[in-house]
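Undergrad: Predicted structure and sequence below. I'll ask about it afterward.
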Amino acid sequence: MNTQRYLTQFALSGVVIGLTGCSLFSSSHTDTELTDSAAAWQAGQEYKLTLLHTNDHHGHFWPNEHGEYGMAARKTLIDNIREEVLLNDGHSLLLSGGDVNTGVPESDLLHAEPDFKGMKALGYDAMALGNHEFDNPVDVLKQQQQWAGFPFLSANILDEDTGEPLFDAYKIFSVGDLRVAVVGFTTDDTIHIGNPEYLEGLRIESPIEVAQDLIPTLESQSDLIVAVTHMGHYDNAQHGSNAPGDVSLARSVPGIDVIVGGHSQDPLFEPDKQNGTLILQADEWGKYLGRLDLSIVDGEITSADYELIPVNLKEKVGKADGSIEHKLIGPEIAQDKDVQAMLRPYYELGQAKMGAPIGYTDAKLEGDRDQVRSRATNLGNLITHAMIKKLDADVAVMNSGGIRDSIAAGEISYKAVLQVQPFNNQLVYVDMTGAELADYLSVVASKEAGTGAFAQLSGATLVVTDGKAQNIRINEKPLDPSQTYRLALNSYSAAGGDGYPDVTGHKHYKESGYGDAEVLAEYIKDYSPIMVTQYRPADAVLH
């Protein structure tokens, strides 16, 4: 039912419903098989459909230390909206744009069991498979689907042996008299940024090419087509070195009414309308719940009202005494007691697991402020080695201000790693020419010792003369200005933090989706025991 005749009203204010009660209302629908049955809607009658959505949850089932987001508060909000919708003779669907996995140790250590069971308790109807769903073996992913109890959708991730989708390509929901087709698509970048070991036996096709074949079939069998995607939203389809995203999909494939997206982790406070398709995305971590209210008459969308609702988000406000207060942006949302009680044991178990050893070091790994900000250290080398290994990079740079603690000799816990890298920065990489890399290294290697900008560096040796890097060797070979090299760094530095060059606009810039602490912990696990002599700045050898 794709139509260009939207009478769109984008409401950006807070939701106007009570947020303290608890309702057990759920969306009214049943799964149906794809059939050739005629439309059931009545001519001239208005139908109301509310689409609720989140994306890029990344393990955040529990609120943070400031009481922000968390699944128990999201449950209260969803229940209240569902009740409101039903009282106004409407229906609702709750969808996810994928990447439920990876990002919070309490979740990662439990294979995201609390997250998927939490989503079941919240009444999710379907989700797109994200690239981070493949951070675990496929048998773990299938166990997660059992915990969730709702469809995992991707039309373009296929079992290589059968040629069929690994999970479902789509589901048709009966929502009142409407047939709503919900179809999933996953970025084909997954093949490059996923774990190769866990992608064996899978074939990842172009989501756009698959959609061009599939959407016309769904058009003839449904009244509304909603694509849940994990492809990314890139303004005006300028996706750079990333695979094409939602804008490209909408422009290339007519017939999709709404795209509920993820991957780029954007807060789209207004839908991006492309080729008659409304593109939505709700930031990350459950910080917002997206709400799209549609009115449908005679098979056409006649109005669309949209908002992102903050889930106990807070802004930092400076006080007269110099301290910082965290002040609620919107109305406070109470935590659902049943969901909170269900999730608490997982949170406590995760906390206990964080204290368990993940590796061993034979001597101190130096991260003390007065040391790591003034000279290359074994811990700086360990961190940058881990970045190179994970991202298959040639060179890695770490700003010393992001290293907040040392690791003592003996057993290493996940908690110790989080104390070293507590900021949850994402690792990113840029493929650049040798000439570009030389210019970049000239800037970062000139940062003053004693400051947080001082660079810990692996994969490259150089000298700085008059602010210019010279005698640059990459992995012990002279730098070739015309060769392509991969630089790994964190998202803070990549965006210009600590005065580093902003590389986020580079055409070959990519986000990996991996957290810095997560990558360091994985490396320690894989290469333990950590023998510090292998990471002394003069002697460090890349694994």
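TA: Looks like it came in fine.
Undergrad: need the strands for the stretch 51-200 of the chain, in chain order.
TA: Counting by DSSP state E, counting those that start in this stretch, residue ranges of the strands within the stretch 51-200 of the chain are 91-96, 126-128, 152-153, 157-159, 170-175, 178-186.
Undergrad: just checking, what packs against the shortest one?
TA: Based on contacts counted as 3 or more C-beta pairs under 8 Å, 6 or more residues apart in numbering; DSSP states H and E, the elements that strand 152-153 packs against are strand 126-128, helix 138-148, strand 178-186. (C-beta placed from N, C-alpha, C; glycine too.)
Undergrad: And for the fifth one?
TA: Judged by 3+ C-beta pairs under 8 Å, 6+ apart, the packing partners of strand 170-175 are strand 30-32, strand 91-96, strand 178-186, helix 207-221.
Undergrad: Report the distance from the longest one to the chain centre.
TA: Relative to its parent chain, helix 207-221 has a centroid offset of 26 Å by C-alpha atoms, centre = their mean, to the nearest Å.
Undergrad: again with the third one
TA: On the basis of C-alpha atoms, centre = their mean, strand 178-186 is displaced by 21 Å from the centre of the chain it belongs to.
Undergrad: Extract the CA atoms of that strand and return them as CSV.
TA: Only the C-alpha atoms of strand 178-186 are listed here, as CSV (Å, rounded to 0.1, in the frame of the first residue of the first chain):
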residue,chain,number,x,y,z
LEU,A,178,-5.6,-5.1,8.2
ARG,A,179,-2.9,-7.4,6.9
VAL,A,180,0.5,-6.0,7.9
ALA,A,181,3.6,-7.6,6.3
VAL,A,182,6.7,-7.2,8.5
VAL,A,183,9.9,-8.1,6.5
GLY,A,184,13.5,-8.1,7.8
PHE,A,185,16.7,-7.0,6.1
THR,A,186,20.3,-7.0,7.5
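Undergrad: Can you tell me the strand partners of that strand and which way each runs?
TA: For strand 178-186, the paired strands and their directions (DSSP bridges) read strand 170-175 (antiparallel), strand 224-230 (parallel).
Undergrad: how close does Asn136 get to Asp466?
TA: Taking C-beta to C-beta, to the nearest Å as the criterion, Asn136 is separated from Asp466 by 50 Å.
Undergrad: Repeat that for Ser512.
TA: Here Ser512 is placed at a distance of 34 Å from Asp466 (C-beta to C-beta).
Undergrad: What ranges does the stretch 301-450 of the chain have for its strands?
TA: Assigned by DSSP E, counting those that start in this stretch, the strands in the stretch 301-450 of the chain fall at 314-318, 324-328, 357-361, 395-399, 410-413, 426-433.
Undergrad: Give me the helices and strands touching the shortest one, please.
TA: Using 3+ C-beta pairs under 8 Å, 6+ apart as the contact criterion, the neighbours of strand 410-413 among helices and strands are strand 357-361.
Undergrad: Okay, buried residues for the strand it packs on please.
TA: Residues Ile358, Gly359, Thr361 are the ones in strand 357-361 that count as buried (16 or more other C-beta atoms under 10 Å).
Undergrad: Can you lay out those as TSV showing distance to Leu391?
TA: Formatted as TSV, the entries for the buried residues of strand 357-361 read as follows, by distance: C-beta to C-beta, whole Å:
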residue	distance to Leu391
Ile358	20
Gly359	20
Thr361	23
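Undergrad: Surely Arg307 touches Ala282?
TA: Rather than Arg, residue 307 is Glu. No: look at Glu307 against Ala282 with C-beta atoms under 8 Å: they stay out of range, at 10.3 Å.
Undergrad: Can you tell me which of the strands of the stretch 51-200 of the chain is packed in deepest?
TA: Between those, strand 126-128 has the highest mean count of neighbours, a mean of 30, where neighbours are mean count of other C-beta atoms under 10 Å.
Undergrad: Give me the sheet partners of that strand and which way each runs.
TA: When pairing is defined by DSSP bridges, strand 126-128 lines up against strand 91-96 (parallel), strand 152-153 (parallel).
Undergrad: Of those, which is nearest Tyr170?
TA: When the strands paired with strand 126-128 are compared for distance to Tyr170 using C-beta to C-beta, the nearest one is strand 152-153, at 6.3 Å.
Undergrad: Residues contacting the closest one, please?
TA: Here strand 152-153 makes contact (C-beta atoms under 8 Å, 6 or more residues apart in numbering) with 126-129, 133, 141, 144-145, 167-171, 182-184, 228.
Undergrad: what do you get if the cut-off is 10 Å, keeping everything else the same?
TA: Strand 152-153 is touched from outside by 95-96, 98, 100, 116, 126-130, 133, 141-142, 144-145, 165-171, 182-186, 227-230, with contacts defined as C-beta atoms under 10 Å, 6 or more residues apart in numbering.
Undergrad: pull the helix or strand with minimum mean pLDDT from the protein.
TA: Averaged element by element with mean pLDDT, DSSP states H and E, the chain has its least confident helix or strand at strand 8-9 (a mean of 34).
Undergrad: Mind checking which of Asn136 and Asp466 has more residues around it?
TA: In terms of neighbours (other C-beta atoms under 10 Å), Asn136 is the more surrounded of Asn136 and Asp466; the figures are 18 against 7.
Undergrad: give the contact list for that one.
TA: By C-beta under 10 Å, 6+ apart, the contact list for Asn136 reads Asn101, Thr102, Asp108, His111, Ala112, Gln143, Gln144, Asn195, Tyr198.
Undergrad: from what I can see the fourth one touches Asn101, true?
TA: What that stands for is His111. Yes: using C-beta atoms under 10 Å, His111 is in contact with Asn101, at 8.1 Å.
Undergrad: Among the two, which residue is more densely surrounded?
TA: For the pair His111 and Asn101, the greater number of neighbours falls to Asn101 (26 against 18), based on other C-beta under 10 Å.
Undergrad: And the pLDDT for the more buried one?
TA: The score at Asn101 is 93. That number is its pLDDT.
Undergrad: for Asn195, same thing?
TA: 73.
Undergrad: what does Ser28 give?
TA: On the pLDDT scale, Ser28 gets 36.
Undergrad: what's near enough to touch the closest residue to Thr277 other than its chain neighbours?
TA: Closest residue to Thr277 apart from its sequence neighbours, by C-beta to C-beta, 6 or more residues apart in numbering: Ala250 at 3.9 Å. For Ala250, the residues meeting the contact criterion (C-beta under 10 Å, 6+ apart) are 2, 208, 211, 227, 229, 237, 256, 258-259, 272-279.
Undergrad: that older thread, Gly299 is nearest to which of the helices and strands packed on strand 152-153?
TA: Nearest to Gly299 among the helices and strands packed on strand 152-153 is strand 178-186; the distance by C-beta to C-beta comes to 9.0 Å.
Undergrad: With respect to Ala517, which of the helices and strands packed on strand 152-153 lies nearest?
TA: Among the helices and strands packed on strand 152-153, the nearest to Ala517 by C-beta to C-beta is helix 138-148 (21.0 Å).
Undergrad: which of the residues in that closest one are buried?
TA: Buried residues in helix 138-148, counted by 16+ other C-beta under 10 Å: Val138, Val140, Leu141, Gln143, Gln144, Gln145, Trp147, Ala148.
Undergrad: what about the nearest residue to the last one once chain neighbours are set aside, distance to Thr186?
TA: Ranked by C-beta to C-beta, 6+ apart and with sequence neighbours excluded, the top spatial neighbour of Ala148 is Phe116, at 4.3 Å. Phe116 sits at a distance of 17 Å from Thr186 (criterion: C-beta to C-beta).
Undergrad: ok, back up a step: Ile329: which of the strands paired with strand 126-128 is closest?
TA: Using C-beta to C-beta as the criterion, the shortest distance between Ile329 and the strands paired with strand 126-128 is 22.4 Å, found for strand 91-96.
Undergrad: gap between the helix or strand Asp526 falls within and the chain center?
TA: Mapping Asp526 onto the secondary structure by DSSP states H and E places it in helix 516-527. Between the mean C-alpha location of helix 516-527 and the chain-wide mean there is a distance of 19 Å, by C-alpha atoms, centre = their mean.
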